[in-house]
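1. need coordinates for the below:
(2 chains)
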2 protein chains.
Amino acid sequence: MKKRMTLLDSGFIRMERHESPQHGTILIIFQMPTGSPQDYMQRLAAHMRGFPVTRTRFNWRLSKSLTDKAVPAWDVLAPDEIDLDYHFRHSALPRPGSELELALVVSRLATHPIDLSRPPWEVHLIEGLQEDRFALFVKVHHSLVDGMTVLKILRSWLSEDPTQTDAAPLWASAPALKSKAPQQKRDREDETSLVRKVVGAAQGAVDVAVGVGESAVSIGGAVAKTVAAGFGSDDGLVAPYSPPRTLFNNRITQRRRISTQRVELARLRSIARRIDGTLNDAIATVFGGAVRRYLIEHDALPDRTLVGGVLASLRATIDEAASENAGNVISFIFADLATDIDDIDERAKRVVRSTRAGKDHLLGLNKDAMNYSSLMLLPFLATTLTGTGHLLPAFNVGLSNVPGVDVPMYWNGALAEALHATTIITNGQALVVTVTSWNDHLCFTFTACPDAVPHSQRLSVYLVEALEDAEKALLS
Amino acid sequence: MKKRMTLLDSGFIRMERHESPQHGTILIIFQMPTGSPQDYMQRLAAHMRGFPVTRTRFNWRLSKSLTDKAVPAWDVLAPDEIDLDYHFRHSALPRPGSELELALVVSRLATHPIDLSRPPWEVHLIEGLQEDRFALFVKVHHSLVDGMTVLKILRSWLSEDPTQTDAAPLWASAPALKSKAPQQKRDREDETSLVRKVVGAAQGAVDVAVGVGESAVSIGGAVAKTVAAGFGSDDGLVAPYSPPRTLFNNRITQRRRISTQRVELARLRSIARRIDGTLNDAIATVFGGAVRRYLIEHDALPDRTLVGGVLASLRATIDEAASENAGNVISFIFADLATDIDDIDERAKRVVRSTRAGKDHLLGLNKDAMNYSSLMLLPFLATTLTGTGHLLPAFNVGLSNVPGVDVPMYWNGALAEALHATTIITNGQALVVTVTSWNDHLCFTFTACPDAVPHSQRLSVYLVEALEDAEKALLS
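-> Predicted structure coming up:
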């Protein structure tokens, strides 16, 4: 069976470049259930391997026929046509197995392009994380599914029930086949898989959002309107094209460096209240402090302030009263990060002033067409639709607020402690930061090209120090 | 400084393909020194990171200038222009950390193509191997250095002295810089490395063999003569083009599966004596048995026998008396693997008869021009120079005998227990086996594409079983 691609989805195929592979990743950190046996990870890996690929989209492969090259399409594969050993991989961290070793391993995994001659996804089970934890690293090409849909799938895949057992892995929608002779069965599968044929109906029944293309066009329009409105404005709305050139706007290579940080949601909320701003304002204020320190250390701080491109649900950026009507609307706002000054109170004021001006403007746009599905597309849209790139950055750093969960979530009894999302970076946008709200924490993820942004992992350290500085300056 | 490439070396750049990246790898397994501390691997990794890239060739990068695209050349880089974090990586195995987990990890590492916008090599330090062992996995593009030269460098890099300490890693020719402020120093390096400039003289002083191109042309001629001589011969010389089509001669994808095996040299020597043949004859006899079982299990055994293409030093294939004069000559012989019969005694006779006929022929060739440096080039030469491919395989499986060491070798006090070498496979040559003599063992390495040769790791298991069968049939 064939599936035609939407215009946007096929865009990700055409955009695939050596230095900018069009995939996103999700990293979930789990706590092992208490009293897990020594061979917990081996058993878990064996359990997962027992499930063939049956979930829809996970069994789609780019069609190789000539006509489909003009209008890209997917072939839907049968489970025995998909070699799970390629897509599911079991890895380990060197000792001491801290967040640093994890970040280095997922940075490497994120660097390798996805093989587009197979269903374009990988799931990595990673053992050896300190304090009886492990990680799942999910890598998906954006032509198959955009980042927000991956998150939707993940949220419905996780369970609120800590006693759940025998739950299927992400790629399966059916229980594991309990074959009496797994060895012989697998051999037969291998042989039939040598004859790759297009088969019948898609398996599984996940409800995947469609119409991403439409909403992308809408947000493109929104960005363009914001750009237009920004010129000559004197109400605090940061004018696009005013950002200085920084190392965050250099050309990139294929290499990626991912680093992560996790802080209590309550700490940022306290700052938001104190500065009379939103949670995103508090995040931008703290992030501005971290960026300032990083650039000073690299002797690369410009005189003018850096500008953040903040993509978030409108609900997160407007006050509680108005949020009832905001629905799933997202906002894209240019935020003054006030990196040119050291005073934290003053920085917070400038952040709030700039994002308020942006919001007043955005509320006048066609909001219904802008939905969560577009949320992960920031760099793609920003560079493509605004027509800018590394020559004239529209903003210096992308900040993406990704909706998470507000209750503890589990998989097979293991608590999902954190969820981090990376996304595409491009020439001129060499650093993107995503922030996921996950239960009572915020999970920060820094995706950077280390050849453009050296030692980007220091930003995750400076973020915590900037938070402490802000607490001292604002709350004491 | 620029270095022009030889014709053969630049050939590897032109031959680089998605499904057939032109790199080779070496896997060395070490035993930790007795009484090593818990954090031995962390210390070792830190020790290695202290050395900048100063060894010649390891600091060469493909020139990007337009004129150099026509006639490829290398830029020689200064140490501070090379980001060691990219080239040296620290990894770990999932538990239980057996040879299986190691093989899976190095298979993945071997699959990823090398980034040709940097000096084209990687060194992976791998911890978590059972029985207090660890591994080094060295990956080098053949345009930079051919497999035999890598082996030469490795042999001179290892030491016969078990008490040696503070030895440099493979990429360094000078002692580590003992900087008082390593953090600040590294930052400065990062900044200068942003300005990539071509610099002065090559560092280090390893004597690297030149003239690979010449010897390759010679061996090409030798293969062609062998091919020509094979037609119509009735002296046991296996006629090229007679091999049946097997799954070993399928088209390949980018994916690799590496598996290894290690057996006592004395066991194969006993069989060689009993069958009145060479060590390679004994290896081919045992390997023929393993291949027969594998193909029967996959219901893919052809009626006609499979033909092995055996590349080895002539010293290993002729009798002791003649070997004195053979020097560094290599031989390329088509060997009858006698996979069409079950009788081991009969198989051994057919193997010996075919390789003797081949040797008598090869001794008449221009031997001096054929040297060890060409030894790893088998598949490249076989498919390119004989003009065959997957349509008409000249032989079914490549068997490469790689010279190793005959005394225990160490690095920083760790015994190098085994050395395995992988090489390039191509469409039509989806499996190549290398055999390294390493102290008192033979190290077998199976390099295959799992999409063409499913479960190739079983060959390494069947090899040991075929050896036991041969011992029972021939020696008892």
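
2. show me where the stretch 301-450 of chain A has helices.
-> Secondary structure of the stretch 301-450 of chain A (DSSP state H, counting those that start in this stretch): helices at A:314-317, A:320-323, A:344-362, A:378-385.

3. dump the residue contacts of residue A:58.
-> Counting by Cβ atoms under 8 Å, 6 or more residues apart in numbering or on different chains, residue A:58 touches A:87, A:119, A:121, A:170, A:171, A:204. (Glycine included, C-beta is placed from N, CA and C.)

4. of the residues you listed, which are in range of chain B?
-> Checked against chain B using Cβ under 8 Å from any Cβ of the partner chain, those give no members in range.

5. go through those residues and name the one nearest chain B.
-> Of all these, chain B sits closest to residue A:87, with 11.6 Å by Cβ to the nearest Cβ.

6. isn't that closest one right next to residue A:124, touching?
-> No: Residue A:87 lies out of contact with residue A:124 (Cβ atoms under 8 Å); the separation is 9.8 Å.

7. how close does residue A:334 sit to chain B?
-> Separation of residue A:334 from chain B (Cβ to the nearest Cβ, to the nearest Å) stands at 27 Å.

8. number of nearby residues for the closest residue in space to residue A:421 that isn't next to it in sequence?
-> Nearest residue to residue A:421, sequence neighbours excluded (Cβ to Cβ, 6 or more residues apart in numbering or on different chains): residue A:434, at 4.7 Å. A total of 27 residues lie near residue A:434 under the criterion other Cβ atoms under 10 Å in any protein chain shown.

9. for residue A:434, which residues are in contact?
-> By Cβ under 8 Å, 6+ apart, the residues touching residue A:434 are A:399, A:400, A:401, A:402, A:420, A:421, A:422, A:423, A:444, A:445, A:447.

10. circling back: go through the helices of the stretch 301-450 of chain A and find the least confident stretch.
-> Least confident of the helices of the stretch 301-450 of chain A, judged by mean pLDDT, is helix A:320-323 with a mean of 42.

11. by proximity to chain B, which residue of the stretch 351-476 of chain A wins?
-> Closest contact between the stretch 351-476 of chain A and chain B, by Cβ to the nearest Cβ, is at residue A:454 (4.0 Å).

12. just checking, that residue touches residue A:298?
-> Yes: applying Cβ under 8 Å, one finds residue A:454 in contact with residue A:298, separated by 7.1 Å.

13. which residue of the two possesses the greater neighbour count?
-> residue A:454 (24 against 17).

14. can you tell me which helix or strand that one belongs to?
-> Element membership for residue A:454 (DSSP states H and E) is empty, with no helix or strand holding it.

15. for residue A:398, grab the count of nearby residues.
-> Neighbour count for residue A:398, taken as other Cβ under 10 Å: 25.

16. quick one: it and residue A:432 touch, right?
-> Yes: assessed by Cβ under 8 Å, residue A:398 is found in contact with residue A:432 at 4.2 Å.

17. need the strands for the stretch 51-200 of chain A, in chain order.
-> Ranges of strands in the stretch 51-200 of chain A, per DSSP state E, counting those that start in this stretch, are A:60-62, A:73-76, A:88-92, A:121-129, A:133-141.

18. what would these look like in a markdown table with mean neighbour count?
-> Below are these laid out as a markdown table (neighbours: other Cβ atoms under 10 Å in any protein chain shown):
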| stretch | mean neighbour count |
| --- | --- |
| strand A:60-62 | 21 |
| strand A:73-76 | 21 |
| strand A:88-92 | 22 |
| strand A:121-129 | 22 |
| strand A:133-141 | 22 |
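
19. in a markdown table: the ones you listed, plus mean pLDDT.
-> Formatted as a markdown table, the strands of the stretch 51-200 of chain A follow (pLDDT from 0 to 100):
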| stretch | mean pLDDT |
| --- | --- |
| strand A:60-62 | 91 |
| strand A:73-76 | 89 |
| strand A:88-92 | 97 |
| strand A:121-129 | 97 |
| strand A:133-141 | 96 |
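
20. for these, which one sits closest to residue B:282?
-> strand A:88-92 (36.8 Å; Cβ to Cβ).

21. would you put the C-alpha positions of that closest one in CSV?
-> C-alpha atoms of strand A:88-92 as CSV (Å, rounded to 0.1, in the frame of the first residue of the first chain):
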residue,chain,number,x,y,z
PHE,A,88,16.2,-1.3,17.9
ARG,A,89,19.7,-1.1,19.5
HIS,A,90,21.0,-1.8,22.9
SER,A,91,23.9,0.4,24.1
ALA,A,92,25.7,1.2,27.3
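
22. which residues touch it?
-> So strand A:88-92 is contacted by A:41, A:45, A:48-49, A:105, A:109, A:122-128, A:169, A:171, B:91-95, B:104-105, B:108, B:128 (Cβ under 8 Å, 6+ apart).

23. can you do 7 Å?
-> Identification of contacts with strand A:88-92 by Cβ atoms under 7 Å, 6 or more residues apart in numbering or on different chains yields A:45, A:48-49, A:105, A:122-128, B:92-94, B:108, B:128.

24. what's across from the residue nearest to residue A:421 in the sheet?
-> residue A:400, residue A:445 (DSSP bridges).

25. mind giving me the domain split of chain A?
-> Listed domain ranges for chain A are A:2-194, A:212-406+A:424-475 (source: automatic domain parsing).

26. let me have these in TSV, extended by distance to residue B:471.
-> Shown next, in TSV, are these (distance: least, Cβ to Cβ, whole Å):
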stretch	distance to residue B:471
domain A:2-194	27
domain A:212-406+A:424-475	50
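
27. assumed residue A:252 was part of a strand.
-> No: using DSSP: H, G, I helix; E, B strand; the rest coil, the assignment for residue A:252 is coil, not a strand.

28. next up, the contacts around the nearest residue to it once chain neighbours are set aside.
-> Setting aside the residues directly before and after it, residue A:252 is nearest to residue A:449 in space (Cβ to Cβ, 6+ apart), at 3.7 Å. Residues in contact with residue A:449 (Cβ under 7 Å, 6+ apart) are A:252, A:253, A:255, A:256, A:425, A:430.

29. ok, and the closest non-adjacent residue to residue A:302?
-> residue A:244 (3.7 Å).

30. just to revisit the earlier point, now the buried members of the contacts of residue A:58.
-> Using 16 or more other Cβ atoms under 10 Å in any protein chain shown as the burial test, the contacts of residue A:58 include A:87, A:119, A:121, A:170, A:171 as buried.

31. run through chain A and note the low-pLDDT ranges.
-> A:1, A:4-15, A:66-71, A:147, A:174-241, A:312-331, A:359-393 (pLDDT under 70).

32. who in it is up against chain B?
-> Taking Cβ under 7 Å from any Cβ of the partner chain as the contact definition, chain A meets chain B at A:41-42, A:86, A:89-95, A:108, A:112, A:115, A:117, A:127-128, A:190, A:253-255, A:454.

33. please repeat the previous calculation with a cut-off of 8 Å.
-> Residues of chain A lying near chain B by Cβ under 8 Å from any Cβ: A:39, A:41-42, A:45, A:83, A:85-86, A:89-96, A:104-105, A:108, A:112, A:115, A:117, A:127-128, A:187, A:190-191, A:253-255, A:297-299, A:450-451, A:454-455.

34. only the buried subset of those residues, as a ChimeraX command please.
-> This is the ChimeraX syntax for the buried subset of the residues of chain A next to chain B, where burial follows 16+ other Cβ under 10 Å:
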select /A:41,42,45,83,85,86,89,90,91,92,93,94,95,104,105,108,112,115,117,127,128,187,190,253,254,255,298,450,451,454,455
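
35. contacts for the helix or strand containing residue A:271?
-> Taking DSSP H and E as the criterion, residue A:271 maps to helix A:265-274. Contact with helix A:265-274 is made by A:278-279, A:281-283, A:285-286, A:348, A:437, A:440-442, A:467, A:470-471, A:474-475, as judged by Cβ under 8 Å, 6+ apart.

36. buried residues, that helix. List them.
-> Under the neighbour-count rule (16+ other Cβ under 10 Å), helix A:265-274 has A:267, A:268, A:270, A:271, A:272, A:274 buried.

37. from those, pick the one nearest residue A:140.
-> Closest to residue A:140, out of all of these and judged by Cβ to Cβ, is residue A:268, at 28.7 Å.
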